[in-house]
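Participant: Got a sequence here, can you model it:
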Amino acid sequence: MFAEPAVGTSVRLHGWVRRARSSGGLLFLVIRDRTGSVQVTAKRDVLGEEAFQKASQLQLEGSLELEGTVATDPRAPGGREVRATSIHVIDAGAPFPIFKDQTEEYRLDKRHLVIRSSEHVATFRVKAELLAAFRRFLAAEDVLEMTPSVLTGNAAEGGSEAFQFDYFGRPGYLSQTAQLYLEALLVPNERVYALTPSFRAEKSRTPRHLTEYLHLEVELAWCDLDSLLEFIERMIATSVAEVAQRCAPELKELGRAPEELTSLAPPFRRMPYSEALDRLKEKGFDVSWGSDLRTAEEAALTMEERAPIFVTHFPKELKAFYMLETPSDARTAEAADLLAPEGFGEIVGASCRETDIAKLTERLRANNVDPAEYEWYFEIRRHGNVPHAGFGLGVERVLRWMLRREHIRETTPFPRTPSRHTP
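Facilitator: Now for the predicted structure:
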């Protein structure tokens, strides 16, 4: 918190108690604010009896303001401490109910308090920097940020995974993706993106699934699959390296060496789906053409990798109705998933978009969806239709890989899962 030139200067601080203990007439506090933590020592004969007694009642997370002098102390964290001349207790606080060895369910019930931990503070600072880095990259690439609605009348990815609600007597859905709206916004702007919450009513209880997550989605006109994958890998490598440079202390606190991320560089390996099946069979997986790649299969493909890899050209039946059929192979879609290394799984889904209304209609009917519900989406293609492609990135999944978190719930302040929507 304090550098060498600060020694001997008078300071006024506001903060919260991180640790506290007393020894006779001497009080030791570690307090934190947004810039970090510092040790504070306070003597009874300096503060006075009344102020000393009040300060001694401070609980963990109690709030205070103080004045004092910065001093050198090699025993203090960071080698600096503040020797208090006055302490004013703002709120002594009740005994703090969070400590080690509590059950995960209890800690999730108390999430509003658990997120004060130094680990969560570091995590969410990295996340904020990651969001800023993505935005800087997209701005430099002349991709315009848009603000599509998260309330919709269409279940874009499939009704079984959409949260449906009554919208004034009509079916409404929480958005699974902003893609359809971004495609509408693409025509006047050519390159657009949105950063919005997305919602999936999947009853998946895995370390990488949330029912609400932050979704970065990009649509690019005049773009084929190769160009799209090059864009994605540049964005990932550039943004992750920037975060590693700007958040080196936080990464080290969380156990991730920054240089492991700054060394990431494109191109990323590209593996056709058919090759992925062959590799999985060699590893003993019972897979065949049309098998989806689940958590275990993705982990097996990437456990020994040190950089993300693209798996490309999936069977079109595995992908959404709006993905373009591969011109040279009617069985597959011009689509790719980016899998994070070390078994962390899919972090990006990408594809070229189908522009032929007849093919879109056919795919919708094959999925038992009434094409009339997508008439507005078809109309986009009747007026200035162009080849285009796009992708969706799960921010929490990227962060989980970057920080090597065991569970994705540690990458969002208030995780939403099939069993939890509070606090």
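Participant: which one in the protein is furthest away from the centre?
Facilitator: Farthest-out residue of the chain from its mean C-alpha position, per C-alpha atoms, centre = their mean: Asp45, at 49.6 Å.
Participant: Please name the nearest non-neighbouring residue to that residue.
Facilitator: In space, and not counting its chain neighbours, Asp45 is closest to Gly25: 6.6 Å by C-beta to C-beta, 6 or more residues apart in numbering. Any C-beta I mention is one placed from the backbone N, CA and C, and that applies to glycine too.
Participant: how about that neighbour, what does it touch?
Facilitator: Applying C-beta atoms under 8 Å, 6 or more residues apart in numbering to Gly25 gives the contacts Lys43, Arg44, Asp45, Phe52.
Participant: May I see the PyMOL selection of the buried members of those residues?
Facilitator: In PyMOL syntax, the buried subset of the contacts of Gly25 is picked out as below (16 or more other C-beta atoms under 10 Å):
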select buried, resi 44+52
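Participant: Now, the contacts of Gly25 that are in strands?
Facilitator: Among the contacts of Gly25, the ones falling in strands (DSSP state E) are Lys43.
Participant: picking that back up, how much space separates the residue farthest from the centre of the chain from Lys359?
Facilitator: 84 Å (C-beta to C-beta, to the nearest Å).
Participant: again, but for Glu342
Facilitator: 38 Å.
Participant: what's the answer for Pro249, then?
Facilitator: The span separating Pro249 from Lys359 equals 52 Å under the rule C-beta to C-beta.
Participant: Ok, Thr326 next?
Facilitator: Separation of Thr326 from Lys359 (C-beta to C-beta) stands at 13 Å.
Participant: neighbour count winner among these two?
Facilitator: Taking neighbours as other C-beta atoms under 10 Å, Thr326 and Lys359 compare with Thr326 leading, 18 against 14.
Participant: Which pLDDT value goes with the more buried one?
Facilitator: What the model reports for Thr326 is a pLDDT of 97.
Participant: bridging residues for it?
Facilitator: Asp329 (DSSP bridges).
Participant: thought it was touching Lys319?
Facilitator: No - Thr326 lies out of contact with Lys319 (C-beta atoms under 8 Å); the separation is 10.9 Å.
Participant: so what sits against both of the two?
Facilitator: Taking C-beta under 8 Å, 6+ apart as the criterion, Thr326 and Lys319 both touch Ala333.
Participant: for Arg397, what are its contacts?
Facilitator: By C-beta under 8 Å, 6+ apart, the contact list for Arg397 reads Arg208, Tyr213, Ala340, Phe344, Gly345, Glu346, Ile347, Ile408.
Participant: Could you rerun that using 7 Å?
Facilitator: Each residue near Arg397 by C-beta atoms under 7 Å, 6 or more residues apart in numbering is listed here: Arg208, Ile347, Ile408.
Participant: just Thr312 next, same as before
Facilitator: Arg270, Met271, Pro272, Tyr273, Ala336.
Participant: Next step: these restricted to strands.
Facilitator: Checking the contacts of Thr312 against DSSP E, those in strands are Arg270, Met271, Pro272, Ala336.
Participant: top of those residues by neighbour count?
Facilitator: Ranked by neighbour count (other C-beta under 10 Å), those have Ala336 at the top, with 26 neighbours.
Participant: Could you find the closest non-adjacent residue to it?
Facilitator: Thr312 (4.3 Å).
Participant: pLDDT score assigned to the one you found?
Facilitator: pLDDT, Thr312: 98.
Participant: Tell me the spacing between it and Ala320.
Facilitator: Counting by C-beta to C-beta, the separation of Thr312 from Ala320 is 16 Å.
Participant: Same question for Ala84.
Facilitator: 61 Å.
Participant: Ala42 now?
Facilitator: Ala42 is 62 Å from Ala320, by C-beta to C-beta.
Participant: got it, and Phe378?
Facilitator: 16 Å.
Participant: between those two, which one's more packed in?
Facilitator: For Phe378 versus Ala320, the count of surrounding residues by other C-beta under 10 Å is larger for Ala320: 20 against 15.
Participant: Where does the more buried one sit: helix, strand or coil?
Facilitator: Look at Ala320: counting by DSSP: H, G, I helix; E, B strand; the rest coil, its state is coil.
Participant: and it, backbone torsions?
Facilitator: Main-chain torsions, Ala320, degrees, to the nearest 10: phi -70, psi 160.
Participant: so what pLDDT did it get?
Facilitator: 92.
Participant: cool, Gly24 as well?
Facilitator: 88.
Participant: Please tell me how far it sits from Gly62.
Facilitator: 21 Å.
Participant: So between the two, which is more surrounded?
Facilitator: Set Gly24 next to Gly62 and count neighbours by other C-beta under 10 Å: Gly62 wins out with 21 against 7.
Participant: Leaving aside the residues adjacent along the chain, what's closest to that one?
Facilitator: Gly93 (3.7 Å).
Participant: Next: Arg44.
Facilitator: Gly25 (3.8 Å).
Participant: Low-confidence regions, this structure specifically.
Facilitator: Low-confidence segments of the chain (pLDDT under 70): 1-5, 156-160.
Participant: measure stretch 394-408 end to end?
Facilitator: 11 Å (C-alpha to C-alpha, to the nearest Å).
Participant: scratch that, stretch 104-119
Facilitator: Per C-alpha to C-alpha, the first residue of stretch 104-119 is 16 Å away from its last.
Participant: So which residues make contact with that stretch?
Facilitator: Contacts of stretch 104-119 with the rest of the structure, by C-beta under 7 Å, 6+ apart, involve Glu61, Pro97, Ile98, His120, Glu253, Leu254, Pro413, Phe414, Arg420, Pro423.
Participant: let's see it at 8 Å
Facilitator: So stretch 104-119 is contacted by 16, 18, 32, 37, 61, 96-98, 120-121, 124, 253-254, 409, 413-415, 420, 423 (C-beta under 8 Å, 6+ apart).
Participant: Pull the distance from that stretch to the chain's centre.
Facilitator: Put simply, stretch 104-119 sits 18 Å off its chain's centre (C-alpha atoms, centre = their mean, to the nearest Å).
Participant: for stretch 247-255, same thing?
Facilitator: Distance, centroid of stretch 247-255 to centroid of chain: 16 Å (C-alpha atoms, centre = their mean).
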